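Student: below are the sequence and a predicted model for it; my questions follow.
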Amino acid sequence: MAAENLLPVLLDKANAFKIFPMVFSAVILVASLKTVVEAVDASNWALFMLATAETIAVVLFVYPKFTKVSGLVLMAIFLLAIILSLVSGVIMSQLHLIVYLVCTYLILVLNTHGLTGKE
């Protein structure tokens, strides 16, 4: 009985679009904090500053009032990281950055224009 009632809730688009940004933000937060720690260990202060900015932006990203500005900041950070990876020749180990960029874009568009795109 409970599984029958749970399935429609899980398959509801509105619920999926509410859960996705939270899960995505949690993943980015963990990755950002890991990068902050690694940057401190390596005394890489430029990376530390970038990862700190990313951490702050991702925390704000889950709050609707800040989603647009923090999403744009995150997209800029991911784009910069992709460019730096291309320049340094390590893009294959950094493909996740492209996924982060596209997911941020999707969340930003959905939150700006609603689920239907007509709002």
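Tutor: Looks like it arrived, so ask away. Given the structure is predicted, the values throughout are model-derived calculations rather than measurements. Residues are numbered from 1 along each chain as shown.

Student: where does this structure dip in pLDDT?
Tutor: 1-3, 114-119 (pLDDT under 70).

Student: quick check: buried residues in stretch 17-24?
Tutor: 21, 24 (16 or more other CB atoms under 10 Å). From N, CA and C alone the C-beta is placed, and that goes for glycine too.

Student: neighbouring contacts of that stretch?
Tutor: 61-62, 67, 103-104, 107, 110-111, 115 (CB atoms under 8 Å, 6 or more residues apart in numbering).

Student: same thing with stretch 59-69?
Tutor: Residues contacting stretch 59-69 (CB under 8 Å, 6+ apart): 21-22, 25, 28-29, 70-71, 74, 104, 107-108, 111-112.

Student: can you give me the neighbour number for residue 60?
Tutor: 17 (other CB atoms under 10 Å).

Student: toward the C-terminus, what is the element adjacent to the helix or strand hosting it?
Tutor: Applying DSSP states H and E as the criterion places residue 60 in helix 45-61. Of the helices and strands lying after helix 45-61 in sequence (DSSP H and E), the nearest is helix 67-88.

Student: C-terminal to that next one, what's the next element?
Tutor: That would be, after helix 67-88 and using DSSP H and E, helix 96-113.

Student: with that, I have no additional questions.
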